[in-house]
Structure formats: C-alpha cells, structure tokens
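Participant: Got a sequence here, can you model it:
(2 chains)
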Amino acid sequence: MSDRAVGAAGGPVLEARRHFWLVDFFIRLVREKPMGTFGGVIVLILLVVGIFADLLAPFGYNYINLKAIMVPPSAGYILGTDNIGRDLLSRIIHGARISMYVGLGAATLDVVVATLIGLISGYFGGKVDLILQRFVDAVIVFPALFFYLAVMAIVGPGLLQVIFCIGILTGIGSSRLVRSAVMGAKQNVYVDAAKSIGSSNARILIRHILPNVFAPIIIIFTIAMGAAIIAEASLSFLGFGIPPPIPSWGGMLSGPSRKYMVDAPWMAIWPGLALSLVVYGINMFGDALRDLLDPRLRGGVGGMGAYGSERASKALAKRTEKGLRARAQKSE
Amino acid sequence: MRGYLVRRFILLIPTLFIVTIMVFLVVRFVPGNVIDMMAAEMSNLGEATTEAEIDIEWVRQKLGLDVPVHVQYGRWIGGIILHGDLGNSLWTQRPVIDDLRARIPVTFELSLMSLIISILIAIPVGVYSAIRQDTMGDYVGRTFAIAGLAIPNFWLGTMIVVLPAIYWGWSPPIEYIPLVDDVSGNLGQFIIPAIIMGTGTSAGLMRMTRTMMLEVLRNDYIRTAWAKGLTERVVVLRHALKNASLPLITILGARIPGLLGGAIIMEQIFCLPGMGRLMIAAINNRDYPIISSVNLIMAIIVMVCIIITDISYAYVDPRIRYR
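Facilitator: You can find the predicted model right below:
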C-alpha cells in the first residue's frame, strides 16, 4: 500500500494499475523474460494439442493404411507415414497428449510426495527427520533410470505405471528442496506466535508454512514436468514404458523407426524434434518462473540470466571493457 | 575432519541397510507367474525329467523362496557380506558377480570418459561466456547449453548411428572391443557415445560455471587483481576460476547418478556390454537376482561418489572445516 500515490485530482493513480497477482506475473514474464515467454507459449501449445488431439489429428493414432507405407512427407501426409502406414502427424499429435499426461501427472505426484515428506521432515525435525531422511537418501542413491527399470520390471509397462513410478521416485528426491524451504520458514516469528496461541501442528503447517514454501514447489513442478517427459521417453525408447500402439514420442523413436531409419528417416526425426522442442520450452519457462518467483534461487544451476540485475551486469561488462582498453593502450 | 568422516560413514549404515532391503524386495516380490514361467521353460528344455520335478514347490525351494522372508533376507545379506556372493542368475545359474565383473568396467569407462569430456567442454565455454558476457560468443555458448539440455541423448545417439550410415556408409562397430586387446579400437568405440553423453551433461555444468564466474568476477579481490595490472589470463584463471570452481565440484558429484543412468541408453544404442545392457537383458528374462544386484552395486557406487565429493569439497576449500 505504500506505493499508492495521490494524483493531482486527489484520486489514487496507481490503484488502476493493480492487478490480480497472476496478471501481474504474466506482465512481468512477457516484459522481462522473452525466452521464458517463448517457452511458455510452447508449453501452452503442448497443452492445447494434447487436449484437442482428437480434433486436430487428421487420422486416428492407430489408423493403418497399408497402401501408404513409409510415404515421405507430402501433401496427404504432412510428416509422412511409418512402416505400417500410420500417419506420423496424427501420431505426433496424440503423442503430445501422452507427454502431457505424463508431464502433468508425474509432476503433480512429484509435488504431492515432495510436499508431504518435506513438510513432515522439515517441520518436526529431530528423530522423525533423521529416520525419514535415511529413506530419502536410500532412494536417491539409485541412478534414476536403473531404478525406474527395476520398478517397471515389477509393475509392468503402461501409462499409469510410468506416471506413478516417475512421480513417486522423483518426488522423494525433490522432498529435500521442500524440506530445506520448510526449515527456513519454520524460523519465522509468526510460527512461534501461532504456536503460542495454541494452533495445532496441522494448522501451522497448512496455514503458515505451506504458503511460504509455495515458490519452490512451483519450481519443482516445472523441473519435474520436463524431467518426467524425458524419463518416459527414455523408458519407452528402451521398451519398458508405454507399450505400442499407444504413440509415445520415446517409443516412436525405438524399434521400427531405427530399423527403417535409412529408408524413412522422417520416422525418427519428427518425434525427436517434438520432444526436444517441448523439453526446451519447459526448461525456458521454468527458468523464467524461477527467476520471477524466487529471488533466492536466482543464479542457480538453471539461471540463464546474469546473476543480479541486468543493469549491474552491463555496468560490470562496461567497466571490464574499459579496463581492458586502458591496458591495451598502455602496452602500445 | 576425521570426526566428520566417521559421522558420515555412520549415517551411511542405515541408508545402506534400507538400500539392501529395497533391493532385496525387488527379488522377493517376484510375481508368481515367473515361477510358472520358469517351470514351463525347464520342462521345455528337458531339464526336469518327471512331472513331479517341475513342481512349483520344487522351483520355489531351489530359488530359496520357501522360507520366511526374514530368513531369506538373512541368507542373502549373509552371502554378500561373508562371501561376496550376490546369488546366482535364475536362468544360467552362473554367479551374478561374474557377470558384473565383466560389465562394470564398460559402464565405468563410458561414464568416466563422458565426465571428462563434459568438463573439457563446460569449463572453457562457461568461463568464456562469463568473461565475454552478452557478446556473440556468449549467446552461441548459451544456445548450445540449452540445446544440450533439451535434445534427448537417445535421439542424438540414434541420429549419429544412422545419418553417417546413409550419407557415408559409415557405422559404429557392433562388436565390443576390450581395452586390453586393442586400446585405440576400444577408445574409438567409446568416444562417440561418450561425446554424446558428455555434451548433454556439460550443458548444466556450463551454465553453472558461467553463473559462478559472473558472481566471482564481481568481487573486490578481482578488482584488486585488475588494479595490480595482472593480465586477463591470470585474473580469470588464477583468481576467478579457482574460486568459482568450488560449487562445481558439488554439481559434478550430483551428475554421477545421471551419468550412470544415461549409460544404459548409450550402451543399448552402441551395443556396449555394460551394466545397462545386463539390466535390460535381465528384465526381459525376469532374472531378478541380476536386477537387484545391478541396482545394489549402482547405489553403492553413487554413495562412494557422494562421499568423495564431500571430502574433495572440504579439501579444496580451506574455509570448510568439518567438525
């Protein structure tokens, strides 16, 4: 409220520019993070294509036309057909739906598991934390793909199995981030205040701690989404993810598409491009989100922007350049 | 320092215990139909002569599944600790440890080579990107890094196997060449998958290098170094990079599980007989002792790497004194 200015006419001037926080967020995104906006658009396209796959695809994902086997990209089949005469464009579009399910499903599960473990471990601390963290440690020491494969060997292939396997296992790993955020939030005076007036642990956790660790949770969600899509594609590529004929981008890259790669390279090129583009988009969007939401994490592994403000980094560059030029002159 | 290490190792024991239980459960939750499958397979092979011998109970007993779970665990863990015996393959009846002994070096070599390649790419590009921030070179480096993060390894690998085959009729060797037989042949075989894995890994590392360098370059002692009239090379390499490299060690340690996991895909595409291929073959055969042993070994390798990372962190940074 402190920034509310009073105009010449006496009415509040800045009041009109105040929006719902989400609108504010989008304005900042578009203004400050052009690449992040671009990534966001890609994510949006993925969602739209995934939701309306049935309307957008010219053919069914498993519609076989034996007269059109391995047709190169042409007017009838924009991206060509595969080795048993299925339209690749339709399969890519339906594959977007699968990637969307996996991305959103696994990321949601990831966040739920991470939040549950993180809240309990971080808030209660002590023995609970010590024991819980040993379990978390035990899960994260397994190289992810080996562990996924072992679990998939027991539960068998399938979409739901993939989502649960990836979501829960990555969630256990991400719980460490939530835990450290919770441990930070626990230090606040208002938590002590809530305790002193006799709030229950559940109330403190939900009303006071959870809202304060929301930024890292959103960041975990975007990271998990990209990682889950890649993990599903890797599993399907190896033949342990989503069984054919369901069109998973990773599955489309394995088996036949590698066998017929010399004759029909488009069979492997399009799913790979789709996958790269979507993961790129999610990464860019996630980075922008991280920068905008959580100033403390700025400049971490994913931060593409300069550390600190743009202006400060430009000033440094200018200073460095000036110094270099001065020394060059001196040596001449 | 010693006290810290002792504590670290003590904390490892419960973790290791949980790891063994998880790995053990993978074997013992063998779906029943696998035993049926084996019994059927054995009768096909003519190993069991009479009907009574392909009795499911007999198979259960042979696999040691007829005693209570805690006894099974005791036997299994006892075998590992006392004899280094990870059990036998369900199908070949060969000790799993023999298979592992042949496979670990392949995965290790592949991971190590890609780790080295990723460092060789990431550090120079990251440093260059930071000291020439917002120039053409910086943009090229960053674009490369994002591409490396987004392009899936298995797609790049497939393309690299197939596209040269189309245009130049060249394809990577299918047969595995052991290092002891032919050093250059072996390295030539590993270098392409290692480069693919290395570039993927280097992306994150490069971004981290760049951010850390940008941060360090802003410090007062860097300004002092410039003011002393030191050359750019000395300022960047001796003053900035040395300090920026500390967090990189942690990142490097954190990459190791990912590298080992990524090896599965590269081994599959480039036909290298490593742990990943062993794992996939074992899953296809429902050979559970191999699946659990591979995971156990992998987990132990990662644990050791984490400890080494922590120790080297303390070793490089004199400010860190674990107590």
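Participant: Could you pull out the helices in the stretch 151-300 of chain B for me?
Facilitator: In the stretch 151-300 of chain B, the segments counted as helices under DSSP state H, counting those that start in this stretch are B:153-167, B:183-217, B:220-227, B:232-233, B:242-270, B:275-285, B:288-316.
Participant: can you give me how far the third one is from the chain middle?
Facilitator: Read it as helix B:220-227. Its chain's C-alpha centre and that of helix B:220-227 lie 40 Å apart, by Cα atoms, centre = their mean, to the nearest Å.
Participant: Mind listing residues that contact it?
Facilitator: For helix B:220-227, the external contacting residues (Cβ atoms under 8 Å, 6 or more residues apart in numbering or on different chains) are A:323, B:216, B:234-235, B:239-240. Quick note: C-beta positions are derived from backbone N, CA and C, even for glycine.
Participant: Quick one: which of those residues has the lowest pLDDT value?
Facilitator: By pLDDT, A:G323 ranks lowest within the contacts of helix B:220-227, coming in at 72.
Participant: what about B:Q133, which SS state?
Facilitator: Under DSSP: H, G, I helix; E, B strand; the rest coil, the three-state class of B:Q133 is coil.
Participant: State the distance from it to B:L214.
Facilitator: 7 Å (Cβ to Cβ, to the nearest Å).
Participant: and what of B:F108?
Facilitator: Computed with Cβ to Cβ, the distance linking B:F108 and B:L214 is 34 Å.
Participant: who's more crowded, the two?
Facilitator: When neighbours are counted by other Cβ atoms under 10 Å in any protein chain shown, B:L214 comes out ahead of the other of B:F108 and B:L214, with 25 against 15.
Participant: Quick check: chain neighbours aside, which residue is closest to the residue positioned nearest the centre of chain B?
Facilitator: Centroid check for chain B by Cα atoms, centre = their mean gives B:L260 as the closest residue, at 1.5 Å. Excluding the flanking residues, the one nearest B:L260 by Cβ to Cβ, 6 or more residues apart in numbering or on different chains is A:P143, at 4.1 Å.
Participant: and stretch B:283-290 with chain A, contact?
Facilitator: Yes - applying Cβ under 8 Å from any Cβ of the partner chain, one finds stretch B:283-290 in contact with chain A at B:283, B:286, B:288.
Participant: For the second one, report the pLDDT, please.
Facilitator: Reading off the per-residue confidence, B:R286 sits at a pLDDT of 74.
Participant: same question, B:E53
Facilitator: pLDDT, B:E53: 51.
Participant: Over to A:L159?
Facilitator: Per the predicted model, pLDDT is 89 at A:L159.
Participant: Also A:V128?
Facilitator: Looking at A:V128, the pLDDT reads 90.
Participant: thought it was touching A:I117?
Facilitator: No - the pair A:V128 / A:I117 is not scored as a contact, 10.6 Å apart, by Cβ atoms under 8 Å.
Participant: who has more neighbours, those two?
Facilitator: Counted by other Cβ under 10 Å, A:V128 and A:I117 do not tie: A:I117 has more neighbours, with 22 against 13.
Participant: Contact partners for that one?
Facilitator: By Cβ under 8 Å, 6+ apart, the contact set of A:I117 is A:132, A:136, A:171-172, A:175, A:178-179.
Participant: which of these sit farthest apart?
Facilitator: Farthest-apart pair in the contacts of A:I117 is A:L132 and A:G171; separation 13.3 Å (Cβ to Cβ).
Participant: surely B:V96 meets B:G87?
Facilitator: Yes - when contacts are counted by Cβ under 8 Å, B:V96 is listed as touching B:G87 (5.6 Å).
Participant: what is in contact with the two at once?
Facilitator: With contacts taken as Cβ under 8 Å, 6+ apart, B:V96 and B:G87 have B:289, B:293 as neighbours in common.
Participant: who has more neighbours, those two?
Facilitator: Using other Cβ under 10 Å as the criterion, B:V96 and B:G87 rank with B:V96 on top: 25 against 20.
Participant: State the distance from the more buried one to chain A.
Facilitator: Going from B:V96 to chain A by Cβ to the nearest Cβ, to the nearest Å gives 14 Å.
Participant: Return the residues in contact with A:I78.
Facilitator: A:I78 touches A:L89, counting by Cβ under 8 Å, 6+ apart.
Participant: what's the answer for the one 5 residues further on, then?
Facilitator: Shown here is A:N83, whose contacts under the criterion Cβ under 8 Å, 6+ apart are A:69-70, A:256-257, A:259-260, A:264, A:267.
Participant: What is the nearest of those residues to A:H208?
Facilitator: Nearest to A:H208 among these is A:S257, at 52.2 Å by Cβ to Cβ.
Participant: from what I can see that closest one touches A:G272, true?
Facilitator: No - contact criterion Cβ under 8 Å: A:S257 and A:G272 do not qualify, at 9.3 Å.
Participant: buried set for the biggest helix by length in chain A?
Facilitator: Looking across chain A with DSSP state H, the single longest helix is helix A:88-124. Neighbour-count burial for helix A:88-124, counted by 16 or more other Cβ atoms under 10 Å in any protein chain shown, picks out A:88-111, A:113-115, A:117-123.
Participant: which residues make contact with the helix or strand following it from outside it?
Facilitator: As assigned by DSSP states H and E, the chain's next helix or strand after helix A:88-124 is helix A:126-140. The contact list for helix A:126-140 (Cβ under 8 Å, 6+ apart) reads A:117, A:120-122, A:147, A:169, A:172-173, A:175-176, A:179, B:11, B:14-16, B:18-19, B:22, B:257, B:299.
Participant: Give me the buried entries from those residues.
Facilitator: If we count by 16+ other Cβ under 10 Å, the contacts of helix A:126-140 have these buried: A:117, A:120-122, A:147, A:169, A:172-173, A:175-176, A:179, B:14-16, B:18-19, B:22, B:257, B:299.
Participant: between the strand or helix carrying A:F38 and helix A:88-124, how big is the angle?
Facilitator: Using DSSP H and E, A:F38 maps to helix A:34-51. Inter-element angle recorded for helix A:34-51 and helix A:88-124: 110 degrees (by axes from the mean of the first three to the mean of the last three Cα atoms, to 10 degrees).
Participant: Mind giving me the packing neighbours of helix A:34-51?
Facilitator: helix A:21-32, helix A:88-124, helix A:266-293 (3 or more Cβ pairs under 8 Å, 6 or more residues apart in numbering or on different chains; DSSP states H and E).
Participant: Mean pLDDT and distance to B:S292 for these - can I get that in JSON lines?
Facilitator: As requested, these are exported to JSON lines (pLDDT from 0 to 100; distance: least, Cβ to Cβ, whole Å):
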{"stretch": "helix A:21-32", "mean pLDDT": "76", "distance to B:S292": "46"}
{"stretch": "helix A:88-124", "mean pLDDT": "91", "distance to B:S292": "23"}
{"stretch": "helix A:266-293", "mean pLDDT": "84", "distance to B:S292": "31"}
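Participant: Among the residues of stretch B:283-290 next to chain A, which one is most surrounded by other residues?
Facilitator: B:Y288 (24 neighbours).
Participant: Against A:R31, how distant is that residue?
Facilitator: Applying Cβ to Cβ, the value for B:Y288 to A:R31 is 56 Å.
Participant: Same question for A:P271.
Facilitator: A:P271 is 35 Å from A:R31, by Cβ to Cβ.
Participant: How about B:P247?
Facilitator: Noted for B:P247: a distance of 30 Å to A:R31, by Cβ to Cβ.
Participant: Check A:P243 too.
Facilitator: For A:P243 relative to A:R31 (Cβ to Cβ), the value is 45 Å.
Participant: Could you pull up the mean pLDDT of stretch B:16-33?
Facilitator: Averaged over stretch B:16-33, pLDDT sits at 75.
Participant: Spatially central, which residue of chain A would that be?
Facilitator: Using Cα atoms, centre = their mean, the most central residue of chain A is A:T222, at 2.5 Å.
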